Each structure stands twice: as structure tokens, then as C-alpha cells.
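Chemist: turn this into a structure:
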Amino acid sequence: MAGIRFILFLWREKMEKIDVTGKKFGKLTAIKEDTERKGRHRYIVCECDCGNIKSIRKCLLTASKVLSCGCEKYYKKISLIGETFGFLEVVQSAPTKNKQTMWLCKCNCGKFKVVRGSHLRGGEIKSCGCLRGGKRIDLTGHKYGRLLVLQEAPSKRGKTRWLCRCECGISKEIDTKHLLYENGTRSCGCLLKEHNKKHQLEYGEASFNKLFRRYAKGAKERGLQFDLIRDEFEKITKKNVIIAVLFPVAWLVERLTMEIIFIME
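Modeler: Sure, this is the predicted structure:
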């Protein structure tokens, strides 16, 4: 620990000797060293782009920890205007509260509510409060992905369900929360089927990929050069399929390795 502290001390001493006059740090421009302030720390008189003059500790400037006189906070405020979270649509920005970003939202029931931005993005608040206490909003006519809500269906285990029709023509009953969640249900299941069909590998391709990666990794671990492309490796493996039935697996692996090394040489 003593060695680390000594290194930090030397680093601070080196940084204190650097002349920063005329340099710019964010919105601050260093003018001169503040000789009126006494103590072990050095201060620099800086002029902000807004016109304010402020004396700031030199180490904070060089470390980019202070970038303005305080007129502007250096963080990017994500605009949520126009986005929808459950039943809430963000209308405009609201005054901050306890250093938290607030947004004015309009609920589907017509009421307005000021909500913290983190609660909207985290999915903690989905309405103005009208969903609590058994109150329900009519979702009839709303569309979520490929699903169009037709009417309310009989509740199941105390949960409100809605009869929805998918664009493919299939009807399905879905819970309210599954419709409102950002990554909730958006089809009757046809979206998943289409995705799987589009990205489905041909028969035996997954096993071939696993075998190809295993040989490439094994060659790397033994310090051998593995320059075979997939097509060449596929020809070698397919040529020995019949041999695998007649001879033990260990012999086949040894034979494949010898052929691969022979081709690379």
C-alpha cells in the first residue's frame, strides 16, 4: 500500500507542474493560476462559455471531472416524447424532482400523470393508476404487433383476458399483462414459427459445424496451422462416412487428422 501511495503522490506532483493556461476543458477555458487560494492544492481561474468566471481545482480539470461552471449538467437526456409505455403516452418533459427526470404522460383513460423516466423505461408504471383496484380499461380495437383485440374474454384465475385475432387469421385469448409488456405477446405464435423456419439449419449442418470447430480448436491447441475452408473439410469428412461404420471411431479420428495434416503440408 505504501508503494501505491508513493506512486500516486509522484503522479499528482507531475500533473500539478503541467501548465494548462489557454487550454480548454469542456466549456471551461483556463486563464491563469489562482495565487490567492492557499493550501496544498492548486486552483486555476477558468472562464466558462456562458461567461462565468470560476476558480477550479487543477486536478479536477486535468481529470475531466469538471467541465463547466455548473450551468449545464454533462449527461445526455434521453427524449421519450411520443413513446408509449403500456397505457401511457409521453407528451412532454416535466420539471425534475429530487434530481430525477420527469415526464408528463397521457393515459388511455384520458388522465394526465407525471412519471419518473426510470419507472417508464423499467416497466414499473404502465398507467395512471386506473389498472389498480379492479379497474380495467377497454382494450377493444387496440393492436399489438399482429394481434387485434376483438373483445374481452372470460377471466382465468382472476386475470383479465382478451380475445385477439392475428393477421394470419387465428384467434387467441391473451392476458392483459402479456399484451402491455414491451416484449410481450405480439402474435398467435406465427412470428416464432416464421423465425425458426427462416433460420433453421439443414439436417446434419449443426453437427458438421460442431465438428469443424472442434478440429480447428484442436489444431490451435497443438500449434498446428488450420487453413482448411468448410468445403474442403466437408469433402474429407464425407469421404470417410462409410469407413466409420467398419472401423472404430478412434481410428477414424486418427485417419482424419492425418489427411488434414497432409493437405495442409
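Chemist: and residue 141, what does it touch?
Modeler: Residues in contact with residue 141, defined by CB atoms under 8 Å, 6 or more residues apart in numbering, are 148, 149. No exception for glycine: its C-beta is placed from N, CA and C like everyone else's.
Chemist: let me know the secondary structure of it.
Modeler: coil (DSSP: H, G, I helix; E, B strand; the rest coil).
Chemist: check what pLDDT it gets.
Modeler: With respect to pLDDT, residue 141 scores 89.
Chemist: ok, it to residue 83 distance?
Modeler: Going from residue 141 to residue 83 by CB to CB, to the nearest Å gives 21 Å.
Chemist: show me the strands in the stretch 151-265 of the chain, by range?
Modeler: For the stretch 151-265 of the chain, the strands defined by DSSP state E, counting those that start in this stretch cover 159-166, 171-175.
Chemist: now those as CSV including mean pLDDT?
Modeler: Below are the strands of the stretch 151-265 of the chain laid out as CSV (pLDDT from 0 to 100):
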stretch, mean pLDDT
strand 159-166, 87
strand 171-175, 89
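Chemist: ranking those strands by burial, who's on top?
Modeler: Most buried of the strands of the stretch 151-265 of the chain, by mean neighbour count (mean count of other CB atoms under 10 Å): strand 159-166, with a mean of 18.
Chemist: still on that earlier bit, take the strands of the stretch 151-265 of the chain and lay them out in a markdown table including distance to residue 151.
Modeler: Supplementary listing: those in a markdown table, determined by distance: least, CB to CB, whole Å:
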| stretch | distance to residue 151 |
| --- | --- |
| strand 159-166 | 5 |
| strand 171-175 | 10 |
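Chemist: wait, which of those is closest to residue 237?
Modeler: Closest to residue 237 of those, according to CB to CB: strand 159-166, at 43.1 Å.
Chemist: that closest one to strand 171-175, inter-axis angle?
Modeler: Strand 159-166 runs at 150 degrees relative to strand 171-175, counting by axes from the mean of the first three to the mean of the last three CA atoms, to 10 degrees.
Chemist: was I right about residue 53 contacting residue 45?
Modeler: Yes. Counting by CB atoms under 8 Å, residue 53 does reach residue 45; the two are 6.6 Å apart.
Chemist: between these two, which has more neighbouring residues?
Modeler: Comparing residue 53 with residue 45 by other CB atoms under 10 Å, the one with more neighbours is residue 45, at 18 against 10.
Chemist: part of a helix, is the more buried one?
Modeler: No. Residue 45 is assigned strand when assessed by three-state DSSP, not a helix.
Chemist: hmm, it is touching residue 37, no?
Modeler: No. The criterion here is CB under 8 Å, and residue 45 misses it with residue 37 at 9.6 Å.
Chemist: common neighbours of the two, please.
Modeler: In contact with both residue 45 and residue 37: residue 55, using CB under 8 Å, 6+ apart.
Chemist: what about the stretch 151-265 of the chain, any weak spots by pLDDT?
Modeler: Within the stretch 151-265 of the chain, the segments meeting pLDDT under 70 span 182, 239-265.
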